[in-house]
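Visitor: This is a predicted model, with the sequence first.
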Amino acid sequence: MAPFDLDACIQQLLRKQLLHEVLLREICEKTKEVLMRESNVVHISAPVTVVGDIHGQFYDLIEIFRIGGYAPNTNYLFLGDYVDRGLFSVETISLLTCLKLRYPDRIQLIRGNHESRAVTQTYGFYTECVRKYGSSHVWTYFTDMFDFLTLSVVIDDRIFCRMSVGLSPSIHSIDQIKVVDRFREIPHEGPMADLVWSDPDPEKEDFAISPRYGYFGRPVNLMVLTRNRGAGYTFGSGVVYKFLDENNMSHILRAHQLCMEGYSSLFDKHLSTVWSAPNYCYRCGNSASILEVGPGGSMYFNVFEAAPENERDGPSQQAAQSAGGKLPEYFL
Amino acid sequence: MSSVPIPPHRLSESPNSRSIEIYDWFITASTNPISNAPECDALQASLGIPLPEMTFGNNYLTLEHRPSGLKYTFSTPEALRGVKKGALVEGDGGVKVGHAEKTDPNSTLPMPDFVTSKPYDWTYTTTYSGHESASASVPEAKWKWIAADPEDPSQKIPLAELSRQDPILFYAEIPLFEDELHDNGSSAVIVRIRVMPTCLFILARFTLRVDHVLFRTYDTRIYHSFASSPPLIVRERGGWEAPYERVQRHLPKRDDMTPLTDPTFIAKVLTEMPKHVSQKEGAKTGWRGLGSKTEIAILTPVEGSTSQV
């Protein structure tokens, strides 16, 4: 294939026009080569703007560039969950992939739990690829690329960034993350699964068995459960402080936890959550934020609301196109 | 479109709520953003369980029938009060999910000490069917729910009438809560209402998916014909459940799993299964919500009641 013009691709995507399937295959292949060379723990320097979940809300991604600055003038670290749920996962991940390939040192993409084959088959990305391209090829290109995304980023040797915080009973140190074999589908259990799934619990002192994972009632197919539910531990302040101390870090930064305000801080501000999908799923009415980390260690949550374009090209317009005469109002 | 005459009614709207007044009824649906941090803290303290990640704490639907003083409400705090707090026992339908004893069987790292959290039903299963309260003007309102007479067609929900595409005078969809169970599935309650020229109809639906384990639905349907005399409300409630694979088999396309996130698809598959499968055996959790029942309430006017709405 002839060399392609990445800048033209980026301009096309910023106008929300899809790239050709053949072009996407090439772009994903080239991006894999870039990602492959990255460590499981990528070290970067401030200034950098950190972005949480986007979930296919393309117009809100554009809104982020409007308020935070366009690449490469602003450095970006995206924490994951680019696809699923929103209406424009394909446009979103196409644009982010092109930006990564064009500016590999200024754009960092971490793998979220939705950057997975199994999850995208359930939450919309697969269906969207088939609907927009007529086959699942594009889904295959992207999900193959997801296997190469890094797992974590450290800013200025002091802020540890993950999709979800990524502390688990099997991960005590950042060095352990470095040796995980990440080039694969997200497994159901083990350190890699824990890195992608764990959630903090402000009430707990130490690791806790989340009640969500505790044993209740009668056994239901224990083998399946053990295999599929092992992932994800809640953890508390003791673990956070210990992890920061042992790894000589001062802060943990994560995404993946919806909140009305768009950001939150826990454990005496040693752990922050940044949430970047405003009006999540087009119905939560929440604010969103991006976190601007300055060279002097300053941290500023830049809060924003849903982009105005969602009003004219949102779920109601899409529903009208695809309802096929069935009106949801006539429920039974 | 049929030629059903449209009765007089009045619609009103504020930024977060919409109301209709029709015959003796005053109905309000309020939809708002998810609760903010202070609201979540207060609600969590009052409920004693961790809240679902999408808690629409300020959403509600209320129906007021002025002559009888009936006030019927669907609200998020009450829906969550229906979630079992404390250790689960027989009948609660607890879904057992095992955390891995060791996350990595090949890991030689020591496990840290675990602290056990306060138990509650992590699936947020609730059979909440709305709740009643006396309206301020009629503290001694008279109504009670009794079992419907299966032989009496006026005591069941008339699907034929509801299938007719009469004009919808008022429609609202009110999410109460939703949680993704730490990405292990989904649990949600959504209430919908439509007011037609001849009747009002509500569907409050709880839907649970625990990936690779089970699906569960609990439906509450409320129907009132404006022509009923004395005024009558019919309420149908039912719970269904089936193992995950059994529902998955009904996917139209094997690779496309999105219907498994659609409450309407899940309810359709579950309710079309033989009763002994989805309403008796279920997913073998022993959940007491399985089965169906129909009740009615006669709305007797209370003397001296006035329309103070």
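Guide: Done, it's in.
Visitor: If residue B:233 is in a bridge, with which residues?
Guide: The partner list for residue B:233 in beta bridges (DSSP bridges) reads residue B:224, residue B:297.
Visitor: ok now do it, which residues does it touch?
Guide: B:70, B:222-224, B:296-297, B:299 (CB atoms under 8 Å, 6 or more residues apart in numbering or on different chains). All C-beta spots, glycine's among them, are computed from the backbone N, C-alpha and C.
Visitor: Just give the closest residue to residue A:45, not the sequence neighbours.
Guide: residue A:156 (5.7 Å; CB to CB, 6 or more residues apart in numbering or on different chains).
Visitor: go on, residue B:237?
Guide: Excluding its sequence neighbours, the residue lying closest to residue B:237 (CB to CB, 6+ apart) is residue B:220, at 5.0 Å.
Visitor: Then residue A:286?
Guide: Closest to residue A:286 by CB to CB, 6+ apart is residue A:260, at 4.8 Å.
Visitor: returning to what we had before: pLDDT on the helix or strand harbouring the residue nearest to residue B:237, on average?
Guide: Here residue B:220 sits within strand B:214-225, counting by DSSP states H and E. The average pLDDT within strand B:214-225 is 98.
Visitor: Which strands or helices does it pack on?
Guide: For strand B:214-225, the elements it packs on are strand B:199-210, strand B:232-243, helix B:244-248, helix B:263-272, judged by 3 or more CB pairs under 8 Å, 6 or more residues apart in numbering or on different chains; DSSP states H and E.
Visitor: If I take the first one and strand B:214-225, what angle do their directions form?
Guide: Pointing back at strand B:199-210 there. For strand B:199-210 against strand B:214-225, the angle by axes from the mean of the first three to the mean of the last three CA atoms, to 10 degrees is 170 degrees.
Visitor: Strand B:199-210 vs helix B:263-272, what angle?
Guide: Per the same axes, to 10 degrees, the angle that strand B:199-210 makes with helix B:263-272 is 90 degrees.
Visitor: Is chain A within reach of strand B:199-210?
Guide: Yes. Interface with chain A: strand B:199-210 contributes residue B:203 (CB under 8 Å from any CB of the partner chain).
Visitor: mind checking how far that strand is from the chain centre?
Guide: 4 Å (CA atoms, centre = their mean, to the nearest Å).
Visitor: show me where the stretch 101-250 of chain A has strands.
Guide: Remark: strands assigned in the stretch 101-250 of chain A by DSSP state E, counting those that start in this stretch are A:107-109, A:152-155, A:159-161, A:199-200, A:208-209, A:234-235.
Visitor: what residue ranges in chain A score low on pLDDT?
Guide: In the predicted model of chain A, residues A:1-2, A:164-171, A:188-236, A:320-328 satisfy pLDDT under 70.
Visitor: show me the contacts for residue 123.
Guide: Here I'm looking at chain A. Listed by CB under 8 Å, 6+ apart, the contact partners of residue A:123 are A:83-85, A:114, B:258, B:261.
Visitor: you looked at the wrong chain, it should be chain B
Guide: Contacts here follow CB under 8 Å, 6+ apart; on that basis residue B:123 touches B:95, B:181, B:185, B:187, B:208, B:210, B:216.
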